[in-house]
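Trainee: Return atomic coordinates for the entry below.
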Amino acid sequence: MTDMKGIKGVFFDLHGTLLLSPDLAAAWEAWHEAFHKCMTDCGLAMSKEEFAQHTERLFDGPEPEIEHAGMSLFERRVKDLCGRLGLEVDREYILWMVEHIIEVWYENMYLDPETHDVLNELGSRFRLAMITNWDHASKIPELLSDLEIDHYFEEVVISDEVGVAKPDPRIFHIALEKTGLQPSEVAYVGDSVEDIQGSRAAGVHTILIRREQQWETWGNNSDLDSILRVYESREGAGVTVIKSLHELLSLF
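Mentor: Just a heads-up that it's a prediction; the model follows:
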């Protein structure tokens, strides 16, 4: 276990760490079905299966070279996809469509029941912040407010707003700069390969949450196991693994 002495701040990931899904595959299927319906309403003439070939790598492909003030990365990705599919869709409909399909994706997600107790306890002793990869920044403040956890976080760093995403350590540097903390003074809690790689590259203490009930449906097990083995083999670069949020309270 990594020594947590000297920690002054605890930073959190959001999706898969605090916010959970009972069935992530079903959430993505519902998202895709809603997205396909919206696109067919705009004149798309292809099956859901054909459409899936165009959306499979929508979020990790190159950023579209579309300049439009006020558009989130997700909105630009959707606008770019419409263009590549030969659809003329006005900006207002794109904005509505993005909000709609995000709501569908979130529909059955829930906050880990331990979240409030853990954040309340940690917040009394440490400075809390959030670092999240999300291509539609305006959704995050709204979501945190709805979940009633926004008041716990001193800073919320969203990839869409800052133009860099995990595992790039620069997104961690931004959070460190905003809080005025040093890497050695921060522990980061996440659930993915990107969380591990980014936080380790930034020099902060890394805590991976591996819930048994979640492990088969969220994340890539083989990739995470491989990354853990790599860091376990490096002196002084370990990753602390927990199985529940409540375990955080015994680490500090």
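Trainee: Per-residue confidence, residue 82, what does it come out as?
Mentor: The confidence metric pLDDT takes the value 94 at residue 82.
Trainee: same question, residue 212
Mentor: 75.
Trainee: right, and it touches residue 242 too?
Mentor: No - taking contacts as Cβ atoms under 8 Å, residue 212 lies outside contact range of residue 242: 11.6 Å. In short, each C-beta sits where N, CA and C put it, glycine included.
Trainee: More neighbours: those two, which one.
Mentor: Taking other Cβ atoms under 10 Å, residue 212 and residue 242 do not tie; residue 242 has more neighbours (17 against 8).
Trainee: what's that one in contact with, if anything?
Mentor: If a contact means Cβ atoms under 8 Å, 6 or more residues apart in numbering, then residue 242 has 207, 208, 209, 210, 248, 251 as its contacts.
Trainee: Most neighbours among these, which one?
Mentor: residue 207 (28 neighbours).
Trainee: Show me where the stretch 51-200 of the chain has its strands.
Mentor: For the stretch 51-200 of the chain, applying DSSP state E, counting those that start in this stretch gives strands covering 110-111, 127-132, 155-158, 186-190.
Trainee: Who are the packing partners of the first one?
Mentor: The criterion is 3 or more Cβ pairs under 8 Å, 6 or more residues apart in numbering; DSSP states H and E, and the helices and strands that strand 110-111 contacts are strand 19-20.
Trainee: average pLDDT for the strand it packs on?
Mentor: 96.
Trainee: For the remainder of this discussion, apply numbering that starts at 34.
Mentor: Sure, I'll start numbering at 34, so the last one becomes strand 52-53.
Trainee: Now do it: distance to the chain's middle.
Mentor: Mean C-alpha position of strand 52-53 versus that of the full chain (Cα atoms, centre = their mean, to the nearest Å) differs by 10 Å.
Trainee: Toward the C-terminus, what is the element adjacent to it?
Mentor: helix 57-74 (DSSP states H and E).
Trainee: Give me the helices and strands touching that following helix, please.
Mentor: In terms of contacts (3+ Cβ pairs under 8 Å, 6+ apart), helix 57-74 is packed against helix 81-88, helix 124-139.
Trainee: so which of those is the most packed in?
Mentor: Burial of the helices and strands packed on helix 57-74 is given as mean neighbour count (mean count of other Cβ atoms under 10 Å); helix 124-139 ranks first at a mean of 16.
Trainee: and it, what's its mean pLDDT?
Mentor: Across helix 124-139, pLDDT averages out at 95.
Trainee: just checking, what packs against it?
Mentor: helix 57-74, helix 106-117, helix 172-179.
Trainee: Counting neighbours, what do you get for residue 282?
Mentor: Count around residue 282 with other Cβ under 10 Å applied: 13.
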